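Q: Mind looking at a prediction? Sequence and model below.
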Amino acid sequence: MDGGGGSRVTAAEEAPPRSWVAAWCTWDWGSAAFNAVMTTFVFTVYLTSSVGKDLPGPVSATSWLSWSMAAAGFVVAVLAPVMGRRSDMAGNRKRSLGWWSLLVFLCTLGCFFVRDDYHYLWLGLILLAFGTVCYELSNVPYYAMLRQVSTPGTIGRVSGVGWACGYLGGIVLLLVCNFGFIAGDGGLLGLTTSDGLNIRLVAVLAALWFGLSALPVLLVLPREKPVAAPRLGIVGSYRDLFASIRELWRLDRNVVVFLVAQALFRDALAAVFTFGAVLGTTVYGMAASTVLIFGVVANVFAAAGAFVAGRFDDRYGPKPVIVVSLITMTVAGIALLLVSGEAMFWVFGLMLTIFVGPAQSSARSFLTRLTPPGHEGQMFGLYQTTGRAASFIAPTLFGAFIALFGADRAGIVGILIVLIAGLSVLLLVRPARDRALDAV
C-alpha cells in the first residue's frame, strides 16, 4: 500500500487545471444558499415563527419541522450509498450532481409560494424536506469529485479552499439577505413584509444564487471514466452495497472505524453552530443583533481555519489536523462551562468556530485518501449515511443535560461528550495515504 516509485507519484500528482478547481469550489460557495439561508438562519425561522405561528392543534410548527427534517434524514441515510455506487459504476457523477442540484434549485424557488398563513406550512415543510434530501444527495457526487480536481499532494488544500468558499458564500448571502430584504422591516430595498413577501423573495434570491453557482462545475469538469462493472438495478445495488460493506469490514476495518469517528465528531461540529446563537443570548447575555454579527465573524473564522489547515493537511496528513482541532475545541468548550459574560463568549466561542472548518474539511480529504479510485461515490454515500445516522446524538444530549440540570449552560456538556467520543474513536484510525498512488 505504501510502495511505489517516483514515476508513479509523478503520474498520480499531475495537477488538474486551476479552472477545474475554481469551478468545483464555486459549487461549495453557492451551496450556502440552501444550507445557511433556507435550513438554518432565515426560511426555517419564517416557517416556525410566522407561517406556523397560529397553527391549530397540540403539535407546534417547530415540532412538525423537526419531524419533517428527521424524515428527510432517514431517506438520505437509505439512498445515499446506493446512489453513490450507481454513479461510480456509470461514470455519471457530474450528471447526478446536475440533476440533484436542479431539484434543489426548484425546491428553493418553490418556497416563494409559501405565504404567511398556516395553511401553507405543509407546502413549506414538504419543499424543505425534499430539498434537504436532494441537497444531501448532491453532496455525494460533489465530494466524490475531490480527487478529480486535486492530486495526492493537494487534496487537503483543495478541500480546505472549497470549504472556506462555502463559509464565505454563506457570509455574503446572509448579509445581502439581512440588509437588503429583512432589517428594518423590508431592508434597504423597502420591500413589504405583508404576506411574508420579503422572505419569499429571499427564497428566490437563494435559488438563483445556488443555481448560477452550480453551473461552472457542470460545464467545466469533464465526465469521469465509468467503473468496469455490470449495470445493476435498485435491488441489485443494495445487494452490492451490503456485500461491499461486509468486504470493507473484512479487508479494511480502518475505513469503517473512521466512518464511525467522523459521524460522531461531525454531529458535535454541527451542534456548535446550531446551538451557539441560543447559548450566546440565554447564557452569556448577548443581544440578538450582536448574535448576527457574531455569526458572521464566526463564519469568517471557520473559513480562514479551513483555508489555512488545508496546507497542514497536505504536509502532515488529515488526522493530525482533525485531532488538534477536536482537542482545542474540547478545551474551549470546557472553558465556556466555567466563564460568564459576553466578552468571554466572544473569545472562546470564536476559538471553537475557528477549528470547525479544519475538522470538516480534513474529514472530507481523509476519506478521499482512504478510498480506492472508482469507489468515491459509494464511500461518500456511506459518509453521508453514517453522518445522518448519528445526527440526533448531540441535539439529544444537549437537551437532556439542560433538562437534568435546569440550565442552558449544561447543554454544552452534551456536545462535549459527543466531541470527545468522536476524538477517542478517531485515535484508533491509522493515518491515511492516498490510494490513488497504488492505482497508477
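A: Structure's in. What do you need? The model shown is predicted, which means the values in this text are computed figures rather than measured ones.
Q: can we go C-alpha only for contacts and neighbour counts from here?
A: OK.
Q: Assign L189 to helix, strand or coil.
A: Under DSSP: H, G, I helix; E, B strand; the rest coil, the three-state class of L189 is coil.
Q: show me the contacts for the nearest residue to it once chain neighbours are set aside.
A: Residue nearest to L189 in three dimensions, not counting chain neighbours: G180, with 5.6 Å by C-alpha to C-alpha, 6 or more residues apart in numbering. For G180, the contact set (C-alpha atoms under 8 Å, 6 or more residues apart in numbering) comprises 186-189.
Q: Apply 10 Å and report the result again.
A: By C-alpha atoms under 10 Å, 6 or more residues apart in numbering, the residues touching G180 are 174, 186-191, 198, 202.
Q: any idea of the pLDDT on it?
A: The per-residue pLDDT reported for G180 equals 91.
Q: for D434, same thing?
A: 56.
Q: just for the stretch 151-300 of the chain, where's the confidence low?
A: 225-234, 236-237, 241, 274, 277-278, 288-289, 291-292 (pLDDT under 70).
Q: Could you rerun that using 80?
A: 152, 223-252, 270-271, 273-279, 281-282, 286-293, 295 (pLDDT under 80).
Q: Could you tell me the end-to-end distance of stretch 276-295?
A: Length of stretch 276-295, first residue to last, C-alpha to C-alpha, to the nearest Å: 9 Å.
Q: from the chain's centre, how far out does that stretch sit?
A: Relative to the chain's own centre, stretch 276-295 is displaced by 22 Å; criterion: C-alpha atoms, centre = their mean, to the nearest Å.
Q: can you list contacts of that stretch?
A: 41, 171, 174-175, 178, 270, 272-273, 296-298, 300-301, 336, 339-346, 349-350, 352-353, 407-409, 411-412.
Q: circling back: please compare the contacts of G180 by their distance to V217 and name the closest.
A: Closest to V217 out of the contacts of G180 is L174 (23.2 Å), distances taken as C-alpha to C-alpha.
Q: Now do the buried residues in stretch 319-339.
A: Within stretch 319-339, the residues that count as buried by 16 or more other C-alpha atoms under 10 Å are 319-323, 325-326, 329-330, 332-333, 335-336.
Q: do stretch 180-194 as well
A: Across stretch 180-194, burial judged by 16+ other C-alpha under 10 Å covers 180-182, 186-187, 191, 193.
Q: With secondary structure as added columns, please give those residues in CSV.
A: As requested, these are exported to CSV (three-state DSSP):
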residue, secondary structure
G180, helix
F181, helix
I182, helix
G186, helix
G187, coil
L191, coil
T193, coil
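Q: Would you reformat the residues you listed as a markdown table and include distance to V133?
A: Shown next, in a markdown table, are those (distance: C-alpha to C-alpha, whole Å):
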| residue | distance to V133 |
| --- | --- |
| G180 | 29 |
| F181 | 27 |
| I182 | 27 |
| G186 | 31 |
| G187 | 31 |
| L191 | 31 |
| T193 | 29 |
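Q: Against which helices or strands is the helix or strand harbouring V78 packed?
A: V78 is located in helix 61-90, with elements delineated by DSSP states H and E. In terms of contacts (3 or more C-alpha pairs under 10 Å, 6 or more residues apart in numbering; DSSP states H and E), helix 61-90 is packed against helix 43-46, helix 93-110, helix 121-144, helix 234-251, helix 376-389.
Q: quick revisit: quick check, nearest of the buried residues of stretch 180-194 to Y118?
A: Nearest member of these to Y118, counting by C-alpha to C-alpha, is T193, at 16.2 Å.
Q: does that closest one really touch G186, like I thought?
A: Yes: in this structure, T193 is within contact of G186 by C-alpha atoms under 10 Å, at 6.0 Å.
Q: Mind listing the shared neighbours of these two?
A: Counting by C-alpha under 10 Å, 6+ apart, the residues touching both T193 and G186 are I199.
Q: How about stretch 309-322, which residues are buried there?
A: 309-314, 317-322.
Q: Rebuild those as TSV, extending it with pLDDT.
A: What follows is these, written out as TSV (pLDDT from 0 to 100):
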residue	pLDDT
A309	87
G310	86
R311	86
F312	90
D313	88
D314	87
G317	88
P318	91
K319	92
P320	93
V321	94
I322	95
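Q: export those residues to a markdown table and tack on secondary structure and distance to A164?
A: Shown next, in a markdown table, are the buried residues of stretch 309-322 (DSSP: H, G, I helix; E, B strand; the rest coil; distance: C-alpha to C-alpha, whole Å):
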| residue | secondary structure | distance to A164 |
| --- | --- | --- |
| A309 | helix | 10 |
| G310 | helix | 10 |
| R311 | helix | 13 |
| F312 | helix | 15 |
| D313 | helix | 14 |
| D314 | helix | 16 |
| G317 | coil | 18 |
| P318 | helix | 16 |
| K319 | helix | 19 |
| P320 | helix | 19 |
| V321 | helix | 16 |
| I322 | helix | 16 |
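Q: I'd like the residues you listed as TSV, with distance to V217 appended.
A: Below are these laid out as TSV (distance: C-alpha to C-alpha, whole Å):
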residue	distance to V217
A309	24
G310	21
R311	23
F312	26
D313	24
D314	23
G317	27
P318	25
K319	28
P320	30
V321	28
I322	28
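Q: residues touching L197, list them.
A: 112-116, 181, 186, 191, 203.
Q: for those, which one is nearest G160?
A: So of these, ranked by how close each gets to G160 (C-alpha to C-alpha), first place is A203, at 27.8 Å.
Q: now the helices for the stretch 301-440 of the chain?
A: 318-338, 342-353, 356-370, 376-389, 393-405, 411-426 (DSSP state H, counting those that start in this stretch).
Q: What helices and strands are in contact with the third one?
A: Applying 3+ C-alpha pairs under 10 Å, 6+ apart, one finds that helix 356-370 makes contact with helix 121-144, helix 155-177, helix 253-282, helix 288-316, helix 318-338, helix 376-389.
Q: Distance to L221 for the ones you listed - can I get that in JSON lines?
A: As requested, the helices and strands packed on helix 356-370 are arranged in JSON lines below (distance: least, C-alpha to C-alpha, whole Å):
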{"stretch": "helix 121-144", "distance to L221": "11"}
{"stretch": "helix 155-177", "distance to L221": "15"}
{"stretch": "helix 253-282", "distance to L221": "28"}
{"stretch": "helix 288-316", "distance to L221": "22"}
{"stretch": "helix 318-338", "distance to L221": "25"}
{"stretch": "helix 376-389", "distance to L221": "16"}
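Q: and of these, who's closest to T26?
A: Once those are compared by C-alpha to C-alpha, helix 155-177 is nearest, at 7.3 Å.
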